[in-house]
Structure formats: structure tokens, C-alpha cells
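Enquirer: Have a look at this prediction, sequence included:
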Amino acid sequence: MTQSGINGGSCGSSRTRRKQRAALGSARREEATASDVGVGEIYNVEKFVENVNAVVKVATDPADVTADKPATLRIPNRPTAAFISEQIEPIYRSTRNVKLVSFFPSLNMKIRGLQKTELDQCFCLGMFGTLELQSDIHDVADQMLERLRTITDNSGGHFIAIDLRLDMLQQKGCEGAHGTKKCFSALEVGNFLQKIGFNSETVIYVTQSRWHEDLDELKTLFPRTYTKVEHLSASRTSLLLHVTKWSGSFASVLEFRGFGTFFRESVISIEKKDEFLNLENSELEKVIDFYICTHSDVFVPAIPGLFYANVAGQRIASGRTQILVPTRNPTSGASDFLSHYISDKSHLAYSCLC
């Protein structure tokens with residue numbers, strides 16, 4: 001597998017290549033809201049502009065384009081050439097100023113055919129050849145990754161990342177056909193991993209931001225289960241014993257199960273916790289989760305959707321194809337539960353990178 005396709009190839013070689021101007025929003029982190037974190041605060045803007053230069057001219061200040069309010073257009077996942085020519089191009093030509101807002105009424109990562117089209121080349125460029133994290137965010141994510149590897153002394157530095165956000169479990173996206181469910185609780189994921197052969201010493205990272213009591217059952221099966229920040233679990237008795245051992249900038253755990261009270265480790269450094277986790281639904285937090293899930297030895301999506309599909313694409317690109325999809329009653333080994341993106345090679349990434 002090569003990466004010859006990620007440079008965009010013939011992306012934009014004909015009429016779609018016209019170097020239209022795109023505005024790249026900016027927002028300072030200290031002024032950001034939960035839904036308004038500037039692109040430049042997370043990604044390297046200079047690198048982005050360099051990577052897309054052959055396709056689109058990027059203006060870093062929206063005022064450089066126009067002072068008029070742009071027309072907002074909702075763009076579905078992987079729009080067709082017909083959609084672009086019929087729904088986007090006429091409005092752009094008349095206003096010269098549009099705001100594209102992506103939405104995902106359905107998720108389609110399938111390869112469309114044996115030959116990549118010009119539009120597919122653009123999708124590949126957007127998916128794999130444009131974005132790089134800012135150095136400070138990359139450093140924090142790397143430190144968390146290293147922290148997880150250093151506490152896996154009995155498993156050779158290997159760990160599992162589970163995308164499990166408890167607030168998502170009750171949403172409609174978890175409902176399958178005929179009353180079935182496509183999402184899995186912490187206990188269900190724990191039982192799945194145990195039945196396919198993972199032992200209790202396995203280190204697990206969960207994308208849930210902070211510890212929640214619903215994760216306790218997973219912790220019982222796999223004591224080395226961590227979220228981003230430390231947590232104190234209430235004792236069954238009236239005695240509380242607060243013991244913390246410090247190692248560098250991380251809080252390490254001394255567990256006293258006899259008292260029923262223990263500190264759980266912080267995976268993110270204490271001095272970075274407030275900066276990266278102080279916004280509800282923080283985009284920074286999601287970026288960190290994405291980084292860890294794409295670099296873990298095994299990835300388990302307890303929730304279907306775009307995050308899973310994008311993580312799968314990046315893992316395919318890097319050769320980390322151990323993606324295990326849970327089931328409630330596994331009767332065989334881990335290899336039988338590989339993601340269909342891997343077993344069927346049905347992800348667009350295979351087309352982009354080969």
C-alpha cells in the first residue's frame with residue numbers, strides 16, 4: 001500500500017479546480033465557546049494552506065473575501081458532482097460568498113468504483129492530506145499516549161482505546177432495525193473483551209471525559225481502565241482515605257480496595273487539564289480522543305457513526321487495522337470481530353492509499 005493518492009492526484013484538474021477563495025475562520029482559544037474554536041487554534045493553518053494550494057486559494061481573514069453575510073449551504077457527506085454543479089455552483093457564481101456547513105444524514109465510506117474519479121481524489125486529499133495538529137496540542141496528545149503506554153508494564157506497552165460516550169447511548173443513532181441496538185454499554189464492552197480473550201491486566205482508555213459510575217462495571221473487569229482525568233470513588237463505608245502519589249506532572253493511583261475508596265489516575269497532565277477540558281463538548285477534547293484512538297493498539301467503537309469511520313480511515317492509512325466491533329454474545333476469537341471496514345476493505349481509505 002502506498003500513499004500516492006493522498007496528494008490529491010488530479011483533484012481539481014478541470015472546472016472544479018478553479019482557484020476560488022475560501023475564508024478560514026479564526027478565534028482565540030480564550031474567547032472560544034463550546035461550539036466556536038478556531039481552525040487555527042487546533043490545526044496548522046500554514047500547512048493546510050500549502051496542502052490545498054493547488055485546489056483553492058485560502059484567505060485567513062473572512063473580511064478579505066467580502067463584508068457581506070454569506071449564503072449558508074448544507075453539504076451532505078461526499079456530495080456528488082451533480083450536487084455541486086446544481087446546488088452549490090449557481091449560488092456561488094451569483095453571490096461569490098457562501099458558507100458550507102457539512103451534515104451527515106447518512107454515512108458512506110464505501111469505495112465507489114475501481115477507478116478513482118476527480119471528485120474522489122479531492123475527498124482523499126481532504127481526508128488524508130491537509131490537516132496537521134498545532135504543535136502544543138500534538139505534544140499534549142503525545143504525552144497522554146506515552147502515559148498510557150508506560151502503565152502497561154504487563155502488556156508490552158499495548159492498550160485498547162474504546163469510544164464510549166455515555167450521553168450518546170440513548171440517542172436515536174443507537175437504535176438498529178427490529179428493535180436491536182447498535183451501541184454498547186461499558187459492561188457489554190467489558191464482557192465482549194473478556195470473552196474474546198483479553199485478560200484483566202489489559203489497559204483501557206475510554207473517550208468518556210470524566211469518570212462516571214456507569215463505568216465502574218468495566219473497571220471491575222479491567223481494573224486498568226482510565227478516562228482523561230482523575231476521580232475519587234465514594235466509599236461504601238463512612239471512612240474516606242485520601243492517598244495520592246505524585247509522579248512528574250501526573251497523579252498516580254494508590255488503590256485501597258479494603259476501604260472502597262481510591263483515586264483513579266489522570267491520563268492528561270494536571271497543568272493541561274483545565275486548558276483542554278474546560279469547555280463543554282470541547283473540540284480540543286475530541287481532537288485528543290481522535291489522536292489516541294488512531295494510535296492505540298486496538299480500537300473498539302462502542303458507538304457507530306462518523307468518529308468511528310474517520311478513526312478507521314486513519315488507522316487503515318497507518319496500518320493499525322485492529323478494530324474490533326463488539327457483539328453481545330461472542331463465541332469465537334478476536335479475529336472474527338474485525339470491523340467490516342477492514343475485513344471487506346470497504347473504506348474509502350483503501351482507494352485513497354493504494
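Expert: Great, that's in hand. A quick note: this is a predicted structure, and the numbers were derived from the prediction, not measured.

Enquirer: distance of residue 334 from residue 344?
Expert: As judged by C-beta to C-beta, to the nearest Å, residue 334 and residue 344 stand 17 Å apart. In this view, the C-beta of every residue, glycine as well, is placed from N, C-alpha and C.

Enquirer: Give me the more crowded residue out of those two.
Expert: residue 334 (16 against 11; other C-beta atoms under 10 Å).

Enquirer: List the residues that contact that one.
Expert: Each residue near residue 334 by C-beta atoms under 8 Å, 6 or more residues apart in numbering is listed here: 196, 197, 322, 324.

Enquirer: and residue 135, what is it in contact with?
Expert: Counted by C-beta under 8 Å, 6+ apart, residue 135 has contacts residue 44.

Enquirer: With residue 86 instead?
Expert: So residue 86 contacts nothing (C-beta under 8 Å, 6+ apart).

Enquirer: which two of the contacts of residue 334 lie the greatest distance from each other?
Expert: 197 and 322 (12.9 Å; C-beta to C-beta).

Enquirer: Settle it for me: which of these two has more neighbours?
Expert: Taking neighbours as other C-beta under 10 Å, residue 197 and residue 322 compare with residue 322 leading, 17 against 11.

Enquirer: tally of neighbours for the closest residue to that one other than its chain neighbours?
Expert: Closest residue to residue 322 apart from its sequence neighbours, by C-beta to C-beta, 6 or more residues apart in numbering: residue 298 at 4.5 Å. Counted with other C-beta under 10 Å, the neighbours of residue 298 add up to 18.

Enquirer: and residue 298, how far is that from residue 208?
Expert: Residue 298 is 17 Å from residue 208, by C-beta to C-beta.

Enquirer: if we can go back for a sec, need the contacts of residue 334 in a markdown table with distance to residue 292, secondary structure and pLDDT, can you?
Expert: Listed next are the contacts of residue 334 as a markdown table, based on distance: C-beta to C-beta, whole Å; DSSP: H, G, I helix; E, B strand; the rest coil; pLDDT from 0 to 100:
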| residue | distance to residue 292 | secondary structure | pLDDT |
| --- | --- | --- | --- |
| 196 | 22 | coil | 93 |
| 197 | 23 | coil | 91 |
| 322 | 14 | coil | 96 |
| 324 | 16 | strand | 96 |
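
Enquirer: can you redo these as TSV with distance to residue 349?
Expert: TSV is the format used below for these (distance: C-beta to C-beta, whole Å):
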residue	distance to residue 349
196	25
197	27
322	15
324	18
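
Enquirer: Of those residues, which is the nearest to residue 217?
Expert: Of all those, residue 196 has the smallest distance to residue 217: 17.6 Å, by C-beta to C-beta.

Enquirer: That closest one reaches residue 329, doesn't it?
Expert: No: with contact defined as C-beta atoms under 8 Å, residue 196 and residue 329 do not form a contacting pair (11.3 Å).

Enquirer: neighbour-wise, which of those two wins?
Expert: Neighbours were tallied for residue 196 and for residue 329 using other C-beta under 10 Å; the higher tally belongs to residue 196 (18 against 7).

Enquirer: That one: what's it in contact with?
Expert: Contacts of residue 196 (C-beta under 8 Å, 6+ apart): 324, 330, 332, 333, 334, 337.

Enquirer: Same check on residue 75?
Expert: 88, 100, 101, 102, 103.

Enquirer: Report the contact partners of the nearest residue to residue 168 once chain neighbours are set aside.
Expert: Excluding its sequence neighbours, the residue lying closest to residue 168 (C-beta to C-beta, 6+ apart) is residue 303, at 5.1 Å. Residue 303 sits next to 163, 164, 165, 168, 169, 173, 174, 183, 184 when contact means C-beta under 8 Å, 6+ apart.

Enquirer: Just give me the neighbour total for the closest residue to residue 149 other than its chain neighbours.
Expert: Excluding its sequence neighbours, the residue lying closest to residue 149 (C-beta to C-beta, 6+ apart) is residue 157, at 4.4 Å. A total of 13 residues lie near residue 157 under the criterion other C-beta under 10 Å.

Enquirer: helix, strand or coil for residue 157?
Expert: Assigned with DSSP: H, G, I helix; E, B strand; the rest coil, residue 157 falls in the coil class.

Enquirer: these two touch, right, residue 127 and residue 313?
Expert: Yes: counting by C-beta under 8 Å, residue 127 sits close enough to residue 313 to count as a contact (6.0 Å).
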